[in-house]
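A.B. asks: Turn this into a structure:
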Amino acid sequence: MRRLRGAACCAVLVMFVASCGSDADSLAPPPSSSGARPVVGVILPDRESSTRWEEQDRPLLAASLNFAGIEPVIENADGDEAKFASIADAMIQRGVKVLMTTPLSTEGGATVERKAKQAGIPVINYDRISLGGTADYYVSFDNLNVGELQADGLLRCLGTKPGAQIIEIQGSPTDNNATLFADGQRRKLGPKYDTGALKLVKSQPIDKWDPVAGKGAFEQILNGNGGRVDGVVAANDALAGAVIEVLRERGLAGRVPVTGQDATVEGLRAVLRGEQCMTVYKPIRDEADAAARLAIAVARGDISGADDLATNNTRDLVSRRDVKSVLLGADVITRDKVRGLVAQGVVKSADLCAGDVAEECEELGILVN
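C.D. replies: Numbers count the residues shown, from 1 in each chain. Below you'll find the predicted structure:
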């Protein structure tokens, strides 16, 4: 399987596109013609599991689609399956040229995709795939590899500690990405659990990626293990933050390695404090850019162009079919690599370095602008 890393040569914001030369051609609007702009409908999943959806995905997708002369209609399901279905029904009834969805569950996503197919509307699964669905394309990251990166990060942070006791706080059981993260982790950690080099105390999925539920679950598992834990696999930064709250209350924060994912501001601040040993940075700009390019091609009726962009295949074991895909790479971020994200403009130094991490920023040479 080939993975694309840093696939976008340029930012999708309009102010940057003009500087990218011929790579902007697929985003540039076609010659002017009469009639309304084609519409692409986008349904984002929630606002709670990660800040990325509203702070990054929405503006990036909107900028790319608008620049190409496509009208973006972007709604958020707010973690509600009924709202997800209602938004989809309205977009299908409107007759959008393309429907892009980040499903809350595979079942809900597949139901919407069947309705779209009946209406002749192509569907792009964005970030999450609907197993058993009928989506035409899928844009995401190599999520098995993301899980492997988390496991490798935990092992490096643990060092040599025979029989270290590990608690896993996993993502939502209805999110196939969470399953892939866990599968990737298990590729690395499973053999060590089997040989006793590490001990798995418990692996607990958290419904809707809810940090409050994650905190309660972790505290309960920790209490049931006599307060003993040597390392925590937390599936994303929000869950890592919930775990760290419990560890901090017990004087264990910074002493117990905790993984994360998404490179959120709070996650990166925890990495700088030494309370979180690593996070995984997934370049959302690249993902949004890849999805926008696909949607633009499909909305213009350029199916061969869209197929040329989707150079991977993802096997849907439920529907027993291959889904044309774009799969992107991710990177491990440890304390010494945070400065690089600031330099890339992924996070603002003023947001990152406020408060109790100012000294850490100064030590790492992160200048506050």
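A.B. asks: How about the secondary structure of D152?
C.D. replies: The three-state assignment at D152 reads helix, by DSSP: H, G, I helix; E, B strand; the rest coil.
A.B. asks: Pretty sure it sits against V332.
C.D. replies: Yes - if you go by Cβ atoms under 8 Å, D152 and V332 touch, sitting 7.2 Å apart. No exception for glycine: its C-beta is placed from N, CA and C like everyone else's.
A.B. asks: in what helix or strand does S304 lie?
C.D. replies: In this assignment (DSSP states H and E), S304 forms part of helix 303-309.
A.B. asks: could I have that helix exported to PDB, CA atoms only?
C.D. replies: Output of helix 303-309 as PDB, limited to C-alpha atoms (Å, rounded to 0.1, in the frame of the first residue of the first chain):
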ATOM      1  CA  ILE A 303     -14.500  11.000 -12.900                       C
ATOM      2  CA  SER A 304     -11.300   9.900 -14.600                       C
ATOM      3  CA  GLY A 305      -9.500  12.800 -12.900                       C
ATOM      4  CA  ALA A 306     -10.900  11.800  -9.600                       C
ATOM      5  CA  ASP A 307      -9.800   8.200 -10.100                       C
ATOM      6  CA  ASP A 308      -6.300   9.400 -10.900                       C
ATOM      7  CA  LEU A 309      -6.200  11.200  -7.500                       C
END
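A.B. asks: how far does the next helix or strand after it sit from the chain's center?
C.D. replies: For helix 303-309, the following helix or strand on the C-terminal side (DSSP H and E) is strand 312-316. Offset of strand 312-316 from its chain centre (Cα atoms, centre = their mean, to the nearest Å): 18 Å.
A.B. asks: and the helix or strand following strand 312-316, which residues are buried?
C.D. replies: Once the chain leaves strand 312-316, the next helix or strand it forms, by DSSP H and E, is strand 321-328. Residues of strand 321-328 classed as buried: 323-328 (neighbour count, 16 or more other Cβ atoms under 10 Å).
A.B. asks: for strand 321-328, what is the average pLDDT?
C.D. replies: Mean pLDDT, strand 321-328: 96.
A.B. asks: same for that strand, what does it pack against?
C.D. replies: strand 137-141, helix 284-299, helix 303-309, strand 312-316 (3 or more Cβ pairs under 8 Å, 6 or more residues apart in numbering; DSSP states H and E).
A.B. asks: again, only this time at 10 Å
C.D. replies: Applying 3 or more Cβ pairs under 10 Å, 6 or more residues apart in numbering; DSSP states H and E, one finds that strand 321-328 makes contact with strand 123-126, strand 137-141, helix 143-158, helix 284-299, helix 303-309, strand 312-316.
A.B. asks: how about those in TSV, adding mean neighbour count and mean pLDDT?
C.D. replies: Formatted as TSV, the helices and strands packed on strand 321-328 follow (neighbours: other Cβ atoms under 10 Å; pLDDT from 0 to 100):
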stretch	mean neighbour count	mean pLDDT
strand 123-126	27	98
strand 137-141	26	97
helix 143-158	22	97
helix 284-299	26	97
helix 303-309	15	96
strand 312-316	17	93
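A.B. asks: Mind giving me the packing neighbours of the helix holding S304?
C.D. replies: Partner elements for helix 303-309 (3+ Cβ pairs under 10 Å, 6+ apart): strand 137-141, helix 284-299, strand 321-328.
A.B. asks: how about the strands of the stretch 151-300 of the chain, start to end?
C.D. replies: 164-170, 198-205, 231-234, 279-281 (DSSP state E, counting those that start in this stretch).
A.B. asks: Switch the ones you listed over to JSON lines; also include mean neighbour count, distance to G41 and mean pLDDT.
C.D. replies: Compiled in JSON lines, those are given as follows (neighbours: other Cβ atoms under 10 Å; distance: least, Cβ to Cβ, whole Å; pLDDT from 0 to 100):
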{"stretch": "strand 164-170", "mean neighbour count": "23", "distance to G41": "31", "mean pLDDT": "98"}
{"stretch": "strand 198-205", "mean neighbour count": "17", "distance to G41": "30", "mean pLDDT": "98"}
{"stretch": "strand 231-234", "mean neighbour count": "27", "distance to G41": "33", "mean pLDDT": "98"}
{"stretch": "strand 279-281", "mean neighbour count": "27", "distance to G41": "28", "mean pLDDT": "97"}
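A.B. asks: would a markdown table of the ones you listed with distance to A350 be doable?
C.D. replies: Shown next, in a markdown table, are the strands of the stretch 151-300 of the chain (distance: least, Cβ to Cβ, whole Å):
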| stretch | distance to A350 |
| --- | --- |
| strand 164-170 | 30 |
| strand 198-205 | 36 |
| strand 231-234 | 26 |
| strand 279-281 | 19 |
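A.B. asks: which neighbours do D152 and V332 share?
C.D. replies: 259, 278 (Cβ atoms under 10 Å, 6 or more residues apart in numbering).
A.B. asks: State the distance from L180 to R156.
C.D. replies: 21 Å (Cβ to Cβ, to the nearest Å).
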